[in-house]
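Got a sequence here, can you build the structure:
(chains A and B)
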Amino acid sequence: MTAETGATSRRTALKFLGMGGTTAAASALLAACTSVQDAQNGGKSGPFPGTPGWRFVFVNHVTTNSFFVPTRSGLADAAALLGIPEPQWTGSENGNVAQMASAMETAINGKADGIAIALTDDNAFIDLTKRALGQGIPVIAYNAGAAGNFPLTYVGQDLYLSGFRMGQRIAQKVTTGEILVGIAQPGGNNVQPRLDGITDALKQAAPGVQVQSVNTGAEQAGELNAMTAAYTGNTAVKGIYAVDAGSTAACAKVITDHGLSGKIGAGGFDLLDDTVAGVKSGALDFTIDQSPYLQGFLSVLYLYLYRLSGTLIAPPATDTGLTFVTKENVGPYATAHSRFEGGDNKDVIAMPGAIPLPPASVLSR
Amino acid sequence: MSSRPLLLGVLQVKELSILLVTIAAGIYFTATSGAFNSTDNYQTIAQYVAPWSIIAAGQVMLLICGEIDLSAGFVFTLAPFMMMQFFVNGWPLWLALLGAIVVSTLVGLVNGLIRTVLAIPSFITTLGMAFLLQGLVLIISNARPVGVPKDSAVLDVFGGAHWTEFLWALGVVVVMQVVLSATRFGIHTQATGGNPVGAAESGIPINRVKVVNFAITSTLAGLAGILQGTRVGSYDPTNGGFTTMFFAVASAVIGGTALLGGSGTVAGAFLGALLLGIVFDGFNLNGVSANAFNVVLGAAILGAMVLNVSLIVVRKRLGSRERI
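From the prediction side, this is the model:
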């Protein structure tokens, strides 16, 4: 080797070190971010004793969907309240069950202190849940539950019941003829039970009504196209309903576009902007709020108490809600832009002068 | 002095740089997460790597001969449902599985024939096929997931038992690398992409080579779909799709396969998939949340590629200097 080549390789080596340095700096930056988080968390909260910075992991089926923005605010708020690090929010962006399973497995491998998972599939998460529980990692289901799995509890809407109540409500307005019901993912554990509930309730309360389901797909623009096409193909329908957030917003749009406000029945789920505007304008008779904020907030609270009490405080099954939002109570939804519903307003929201009557209570048998 | 030929030999291995980058990623995550080096976590990484590397093994062949299969991700989704369709209609499971694989092969055959006989670019041919298959899956499955048949020895071999999915991936990678580098068909494939006119004039049946490679890619995608669904325990219409296909193509390209054809190796694609799997798993393990995840993932892929390309330059420079 000559001196010349020696110099070159030194230059190359330096170049390399430079590059390595950049990578190192980047990772140091990342590491710094984490440590800042660690520094402000992990500690003591209110009356509770000091705890390690328990790391909870949320596995979700549509991580970047706007529906879950309040859920993420809820879990962050609960963590801040309890003095633990903000839980990790991971899973799949587009409902990919294999990817969710891998994310849950990673959480188990990484010895997470608790896992909250949306059980959108009946079979894929059974072994993983067993494995987690076997290693002392509590698992609770939120937003979507599945039969035959073993989460400690479910925090979310009772989906079948919500559909059943919706069916009863539809029967007050529509008694004969056909209705359209949009569904983003037929068979999905988080929407199909609602459709089943609607169908069952109508069989009892208004047997003359036929339910025609419309598969709208998970993309918002596509949902509007699907609902419009379904209505155009059958303009004699007596109502346009939906069982998921995007399709409900599409219902509102179809009705507004075709000037059908008040002429036919309409309603659905959740609180996308178009939906809230639709309820306010009268295009939709109602929409059902399932409080995504509580699904994040309570899940963290339950996991925390379960760990803190060494399993003594077992998490209760929690129905996060079946609030019918109608023209009477839509006010704060439309104007508050509250953090609790996905907005950015953190202020205290004023109470209304009077509270509309909720559905009458029934005793469970 | 005696180490010099060895050094020269090592430097000539095309995959060296991507291997170094992969090792670097492994070291980074070992340093940042205590749980990274555990058997359980290796298994999780293997689960990421297996489907990508199996599909990539086919895509490498196609990319080398100047084509691409965008529909592979949906063959991946379709195959398990075809299998269940045959199975619930009374076929024994092993035959149903074989049937599903044959259907996958046929899809590839159709892709290849449309591409070569009608001279429609593979990008649009397979894009059309992708949507067609996606729709078929939704119809067959009624957009609902189906549970995997329980207690089947056949399915234990095809992904049911731990590590089988990954062992299949390793097997596929080895076989396809041998096919690519040590058979006449492999050499024809490289010639078809490297110099189509010359290849055709020297008597290589370039159209037949392409059709066979489409069929291979599709077959492997179908196999990967069955393996993954069985491993997860549920055949789900949301599995696979464009995301899985792009990760496979990304694995191939990260592993040194030229997007415009002519060169590439299956072993490199496997290393590409391994790198992606390590990065994907590692950032999840480090607790990176969803919104930031793709930023970090994308930056890591870009960083790895920059490092990889610089390593290649260095390797070539050192190599040529040694020869002088």
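
Strands along chain B, start to end?
Taking DSSP state E as the criterion, chain B carries its strands at B:146-147, B:234-235.

Tell me which strands the last one pairs with, and in which orientation.
For strand B:234-235, the paired strands and their directions (DSSP bridges) are strand B:146-147 (antiparallel).

Not counting its own residues, what contacts the strand it pairs with?
With contacts defined as C-beta atoms under 8 Å, 6 or more residues apart in numbering or on different chains, strand B:146-147 is touched by A:Asp122, A:Asn123, B:Pro80, B:Phe81, B:Met84, B:Gly233, B:Ser234, B:Tyr235, B:Asp236. Where C-beta positions appear, they are placed from N, C-alpha and C, glycine not excepted.

What is the distance between it and the centre of its chain?
On the basis of C-alpha atoms, centre = their mean, to the nearest Å, strand B:146-147 sits 25 Å off its chain's mean C-alpha point.

just stretch A:80-95 next, same as before
For stretch A:80-95, the distance to the chain centre is 12 Å (C-alpha atoms, centre = their mean).

in it, what's buried?
Residues of stretch A:80-95 classed as buried: A:82-95 (neighbour count, 16 or more other C-beta atoms under 10 Å in any protein chain shown).

try stretch B:257-269
Residues of stretch B:257-269 classed as buried by neighbour count (16+ other C-beta under 10 Å): B:Thr257, B:Gly261, B:Gly262, B:Ser263, B:Gly264, B:Thr265, B:Val266, B:Ala267, B:Gly268, B:Ala269.

how long is that stretch from one end to the other?
7 Å (C-alpha to C-alpha, to the nearest Å).

ok, residue 121 - contacts?
All of this refers to chain A. Contact analysis of A:Asp121 by C-beta under 8 Å, 6+ apart lists A:Val97, A:Met100, A:Ala146, A:Asn189, B:Pro145, B:Ser234, B:Asp236.

that answer is for a different chain, and I need it for chain B
B:Pro121 touches B:Arg115, counting by C-beta under 8 Å, 6+ apart.

pLDDT averaged over stretch B:191-209 - what is it?
The pLDDT scores in stretch B:191-209 average 89.

At the contact with chain A, which residues of the stretch 151-300 of chain B appear?
B:228-229, B:232-234, B:236, B:238-239, B:241, B:243, B:281, B:284-291, B:293, B:296, B:299 (C-beta under 8 Å from any C-beta of the partner chain).

if we go to 7 Å?
B:228, B:232-234, B:236, B:238-239, B:243, B:281, B:284-285, B:287, B:289-291 (C-beta under 7 Å from any C-beta of the partner chain).

These in helices, which ones?
Among those, the ones falling in helices (DSSP state H) are B:Gln228, B:Val232, B:Thr243, B:Asp281, B:Asn284, B:Leu285, B:Ala290, B:Asn291.

Could you export the residues you listed to CSV, including columns for distance to A:Val62 and pLDDT?
Formatted as CSV, those follow (distance: C-beta to C-beta, whole Å; pLDDT from 0 to 100):
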residue, distance to A:Val62, pLDDT
B:Gln228, 20, 93
B:Val232, 18, 88
B:Thr243, 13, 88
B:Asp281, 21, 89
B:Asn284, 17, 86
B:Leu285, 22, 86
B:Ala290, 10, 78
B:Asn291, 13, 77
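
Can you tell me which of the residues you listed is closest to chain A?
Minimum distance to chain A across these is 3.5 Å, recorded for B:Ala290 (C-beta to the nearest C-beta).

Which residue does the stretch 101-250 of chain A have closest to chain B?
Closest point on the stretch 101-250 of chain A to chain B, by C-beta to the nearest C-beta, is A:Gly187, at 2.8 Å.
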